[in-house]
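Chemist: Sequence isn't available, so here's the structure alone:
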């Protein structure tokens, strides 16, 4: 039998911390993304860092036209992450879109909603990672079509990176990109590495390459930067924190 009990006000005064988590990272991902949130959850300590995600509409296939459509959706999506509260870092997790739109355009859309947040994209984070490692010549592996891959190579060149070689899987659906097996990624990464390159970049936030980075580095003997790994590393830098991460690539030890 249910009791008829009236709730009483607690005699203990409510005491509020400034924040529920010491640091806040906002994450805008494509509606079709299977991978980014898992990588952030795996490599960022939730006891210290709150990662708050929102998704935007995205239409496959992965073409410059469809990637460009994501830009105007970023401001509203970012604004819905902890509305009216500040974020320390705001991430847009789509490498190809950051290339097609341009990082400055992406940052403009994000800052319209969260003006105080440091903005991170996969390509901007990769540029910073390679600069920190003193690397200019890279090999590139992507899951994209050759056309989207060529656009990425050009964008890298415009920002001081020399892509000495590039290979791609030729996929056009990011849900398929997320299903590429780690074994397949490792095999293709080794095959994509040019002797003239100082490091390897594995593009695409959907591809499960962050979990393969250490194994690929061991096989090729050179640094590996992946989209999600770079974004997480750059977010730690913006937060002023030491990652304390092992087995996820050399960049976390730099």
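Modeler: Thanks, I have it. For clarity, every value in this text was computed on a predicted model and none was experimentally measured.

Chemist: Spit out the contact partners of residue 82.
Modeler: 24, 26, 52 (Cβ atoms under 8 Å, 6 or more residues apart in numbering). Where you see a C-beta, it was placed from the backbone N, CA and C, and this is true even at glycine.

Chemist: Please identify the buried residues of stretch 61-81?
Modeler: Buried residues in stretch 61-81, counted by 16 or more other Cβ atoms under 10 Å: 62-63, 66-67, 69-71, 73-75, 77-79, 81.

Chemist: Next, check the residues you listed against the strands and list the overlap.
Modeler: Per DSSP state E, strands hold no members of the buried residues of stretch 61-81.

Chemist: Give me the mean pLDDT for stretch 129-147.
Modeler: The average pLDDT within stretch 129-147 is 97.

Chemist: Pull out the buried positions in that stretch.
Modeler: Here stretch 129-147 shows 129, 130, 133, 135, 138, 139, 140, 141, 142, 143, 144, 145 as buried, counting by 16+ other Cβ under 10 Å.

Chemist: Find the pair from these with maximum spatial separation.
Modeler: 133 and 145 (28.5 Å; Cβ to Cβ).

Chemist: For residue 252, which non-adjacent residue is spatially closest?
Modeler: residue 245 (4.4 Å; Cβ to Cβ, 6 or more residues apart in numbering).

Chemist: Where do the strands of the chain begin and end?
Modeler: Under DSSP E, the chain gives strands at 23-30, 49-56, 89-93, 118-120, 137-142, 162-168, 199-202, 224-226.

Chemist: give the contact list for the residue nearest the centre of the chain.
Modeler: By Cα atoms, centre = their mean, the mean C-alpha position of the chain lies nearest to residue 228, the distance being 3.8 Å. Counting by Cβ under 8 Å, 6+ apart, residue 228 makes contact with 35, 36, 39, 40, 93, 122, 205, 209, 210.

Chemist: How about residue 66?
Modeler: 58, 59, 60.

Chemist: Could I get the phi/psi values of the first one?
Modeler: In this case it means residue 58. phi -150, psi 140 (degrees, to the nearest 10).

Chemist: check contacts around it.
Modeler: Going by Cβ under 8 Å, 6+ apart, residue 58 touches 30, 31, 32, 66, 70, 174.

Chemist: Then the last one?
Modeler: In this structure, residue 60 makes contact with 32, 66, 172, 173, 174, 175, judged by Cβ under 8 Å, 6+ apart.

Chemist: what sits opposite residue 53 in the beta ladder?
Modeler: Residue 53 has the following beta-bridge partners by DSSP bridges: residue 27.

Chemist: dump the residue contacts of it.
Modeler: 26, 27, 28, 29, 36, 37, 81.

Chemist: Now do the same for residue 1: its pLDDT.
Modeler: At residue 1, the pLDDT recorded in the model is 69.

Chemist: cool, residue 244 as well?
Modeler: At residue 244, pLDDT is 84.

Chemist: The one 5 residues further on now?
Modeler: Predicted confidence (pLDDT) for residue 249: 91.

Chemist: Let me see the contact set for it.
Modeler: Contacts of residue 249 by Cβ under 8 Å, 6+ apart are 210, 213, 214, 217, 223, 224, 225, 226, 229.

Chemist: Now it: closest residue in space that isn't a chain neighbour?
Modeler: The nearest residue in space to residue 249 (Cβ to Cβ, 6+ apart) is residue 213, at 3.8 Å.

Chemist: one step back: between the contacts of residue 58, which sits nearest residue 97?
Modeler: residue 70 (5.0 Å).

Chemist: from memory the closest one sits against residue 55, does it?
Modeler: No. Between residue 70 and residue 55 there is no contact under Cβ atoms under 8 Å: 10.9 Å.

Chemist: list the residues that contact both of the two?
Modeler: Contacts common to residue 70 and residue 55, judged by Cβ under 8 Å, 6+ apart, are residue 30.

Chemist: Nothing else from me, thank you.
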